[in-house]
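Engineer: Sequence and predicted structure are below.
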Amino acid sequence: MERVKLLDIYVDDVSLDDVLDRVTVWCREKGPHQIVTADAYMVDLASVDEDFRRLMLSADMVTPDSSGVLLASRIAGTPLKNKASGCVIAESLCRISGREKLRIYFLGASEKANSGAVKNMQARYPDMLVAGRHDGYFDPADSPALAREIKDSGADVVLVALGIPKQEYWIREYLAASGAAVGIGIGGTFDVLSGSVKRAPVFLQKLYLEWLYRFFQAPKKSYKLGRLPGFFLKVLEQKRSSKNTERQ
């Protein structure tokens, strides 16, 4: 599995099939295994937050989640060939759940988005195995009890939609106690799977303009976009530093 360095972390150049194969194997072997679906905001955050950087470096897999990460890898001169977003990974796991006997737990988002995502996925993939679900509005002090609930459900995979970086920290702290083999942070995926939010058209994704589509859909939730200019400047600086090192 090839890895590409972006600022202070590494992103695995994995396809969707690579991720699904690895998750299936991990569920057979048991866990815990953490998957981080990295967008540009997360990579930038890891460059200024030491604890988050350590979390990303210790993750079992870091997938390229967004077009921003793909573009940054091109700018850095080490282009990623694949993209595996949290949204696509989550739906694909629902699709193969019955065939691979993977029990999925849906954790996070609003009650409406959470229940809607489960309902839509069950309608689309009738053989999907749902271990359980819980919205994201719970007291942090209740996390140990929630982990026990997940363990009692027999979940193999926990899809965690608590927002960045809360979801990544929750997985790090409670995945082992939950008994699940794999925990994946998936951001706003339940909003998409429930039909509350639409994904950017493919042509915009190819033009690296997903961010623009998301901005017009929900401008109040687009606070992360303010970090993008600084992020790309850091990537350019990384490339310049790399070239200077090669010349020496």
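Structural biologist: Everything's here; your move.
Engineer: quick one, strands of this structure?
Structural biologist: Per DSSP state E, the chain has strands spanning 3-6, 9-12, 33-38, 61-64, 103-108, 129-134, 157-161, 182-185. These are given in chain order.
Engineer: For Lys5, see how far away Ala176 is.
Structural biologist: 28 Å (CB to CB, to the nearest Å). Quick note: C-beta positions are derived from backbone N, CA and C, even for glycine.
Engineer: Go ahead and confirm Ala113 touches Gly195.
Structural biologist: No: contact criterion CB atoms under 8 Å: Ala113 and Gly195 do not qualify, at 9.2 Å.
Engineer: Looking at these two now, which is surrounded by more residues?
Structural biologist: When neighbours are counted by other CB atoms under 10 Å, Ala113 and Gly195 differ, and Ala113 comes out ahead with 24 against 12.
Engineer: can you list contacts of stretch 87-101?
Structural biologist: For stretch 87-101, the surrounding residues in contact (CB atoms under 8 Å, 6 or more residues apart in numbering) are 16, 19-20, 23-24, 27, 35, 37, 63, 102-104, 121, 124-129, 157, 159, 184, 186-187, 189, 192-193, 199.
Engineer: So which helix or strand of this structure has the lowest pLDDT on average?
Structural biologist: Of the helices and strands making up the chain, the lowest-confidence element is helix 210-217, at a mean of 69, by mean pLDDT, DSSP states H and E.
Engineer: quick one: low-confidence ranges for the protein?
Structural biologist: Within the chain, the stretches falling below the threshold (pLDDT under 70) are 206-208, 211-212, 214-223, 243-248.
Engineer: can you give me the helices for it?
Structural biologist: Listed from the start of the chain, the chain has helices (DSSP state H) covering 16-29, 40-46, 50-58, 67-75, 86-100, 111-124, 143-153, 166-178, 189-193, 202-206, 210-217, 228-247.
Engineer: The fourth one - contacts with which helices or strands?
Structural biologist: So that's helix 67-75. Contact here means 3 or more CB pairs under 8 Å, 6 or more residues apart in numbering; DSSP states H and E; on that basis helix 67-75 packs against strand 3-6, helix 40-46, helix 210-217, helix 228-247.
Engineer: Show me which residues of it are buried.
Structural biologist: 67-73 (16 or more other CB atoms under 10 Å).
Engineer: go on, the first one?
Structural biologist: With burial defined by 16+ other CB under 10 Å, the residues of helix 16-29 counted as buried are 18-20, 22-24, 26-27.
Engineer: angle of that helix against strand 33-38?
Structural biologist: 160 degrees (axes from the mean of the first three to the mean of the last three CA atoms, to 10 degrees).
Engineer: gap between helix 16-29 and the chain center?
Structural biologist: Average the C-alpha atoms of helix 16-29, do the same for its chain, and the two points are 15 Å apart (CA atoms, centre = their mean, to the nearest Å).
Engineer: Can you name the residues in contact with that helix?
Structural biologist: Residues external to helix 16-29 that are found in contact with it (CB under 8 Å, 6+ apart): 1, 14, 33, 35, 60-61, 63, 82, 84, 88-89, 92-93, 96, 100, 102, 156-157, 181-182.
Engineer: buried subset of those?
Structural biologist: The neighbour count (16+ other CB under 10 Å) marks 14, 33, 35, 61, 63, 82, 84, 88-89, 92-93, 96, 102, 156-157, 181-182 as buried among the contacts of helix 16-29.
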